[in-house]
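build me a model:
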Amino acid sequence: MKGAFTDASSDRVGKFEYANGGTLFLDEVGDMPLATQIKLLRVLESGEITRVGSNAPVRVNVRILSATNRNLEEAIGAGVFRSDLYHRLKVITIAIPTLRDRSADIPLLIEHFVRQFAKRHGKTIRGLSLAARMKLGSYPWPGNVRQLRNVIESMVVVDCDETLDVDDLPLELDPDVSSAAAPVPAESGSLAGLVGRPLEEIERIFITETLKLTGGNREQAAELLGIGERTLYRKIKEYRLS
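The predicted model follows:
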């Protein structure tokens, strides 16, 4: 409210009041200070907010979406997150797998971010080299999509030849380490998981994963698999991968 504190020269609508009748997204709710958690819980329980500098409650009807990369049950045990707020927020839970567990999304995200940042920074990007694509596809991405997004933006910014290559990769991806081998197929879990499977099934798995790694680029996939493009096309048709 106007005059509630220094520089409060006019009334201002807060987030909950602004979102009344709609949805409010709280990102990284696991990092919320305990004092703020108490205030949030009070709003969720009562459906009312009180403007700073006022004693009059204001009714609000807001749907809350919250996200966190922390284990909130562990945070409760450590005393840094309130159990009552946790159970108040935990109505419907959607667990999103880490990026390394959904590697098929990586080529799609790469193409999206390349287009986005090329436009933002006024750069022309004609493509991504196979070596760089392999690096990005085999990296474990501890920072998930946000890290991938930042890496692609960095590559776009520093690129000077219109092709994103390993020399454009940031140091965190360690471009000096060879990545000649493709990552272990997701559906196998490990090489040991392939033991005892029919050879045709193993071949289908590796062709499928290599196509995912190259973003569907059959020429690059054939090169990576060490077979001719004609052979790859025949295998794709044989295994009904298209």
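
and the most centrally placed residue in the chain, what's its pLDDT?
The structure's the chain has its C-alpha centroid closest to V145; by Cα atoms, centre = their mean the separation is 2.5 Å. We have a pLDDT of 93 for V145.

that one - nearest residue in space that isn't next to it in sequence?
In this structure, V145 finds its nearest non-sequential neighbour in L99, 5.8 Å apart by Cβ to Cβ, 6 or more residues apart in numbering. For the C-beta atoms, the positions are set from N, CA and C on the backbone; glycine is no exception.

doesn't N144 make contact with the one you found?
Yes: contact criterion Cβ atoms under 8 Å: L99 and N144 qualify, at 4.6 Å.

neighbour count for the two, which is higher?
L99 (20 against 16; other Cβ atoms under 10 Å).

measure that one to P140 for me?
Separation of L99 from P140 (Cβ to Cβ, to the nearest Å): 8 Å.

which residues of the protein fall in strands?
With DSSP state E as the criterion, the chain has strands at 23-26, 48-50, 57-59, 63-66, 127-128, 163-164.

mind putting these into TSV with mean neighbour count, mean pLDDT and distance to V13?
Converted to TSV, the strands of the chain look like this (neighbours: other Cβ atoms under 10 Å; pLDDT from 0 to 100; distance: least, Cβ to Cβ, whole Å):
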stretch	mean neighbour count	mean pLDDT	distance to V13
strand 23-26	13	96	13
strand 48-50	16	90	10
strand 57-59	12	92	10
strand 63-66	14	96	18
strand 127-128	18	88	45
strand 163-164	19	92	43
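
so where's this structure uncertain?
3-4, 174-196, 242 (pLDDT under 70).

got the domain ranges for it?
15-89, 99-173, 191-238 (automatic domain parsing).

out of those, nearest to A8?
Closest to A8 of the domains of the chain, according to Cβ to Cβ: domain 15-89, at 6.9 Å.

so how far does that closest one reach from one end to the other?
Terminal residues of domain 15-89 are spaced 18 Å apart (Cα to Cα, to the nearest Å).

go on, stretch 1-12?
Note: stretch 1-12 ends 7 Å apart using Cα to Cα.

stretch 94-103 too?
Using Cα to Cα, the two ends of stretch 94-103 sit 19 Å apart.
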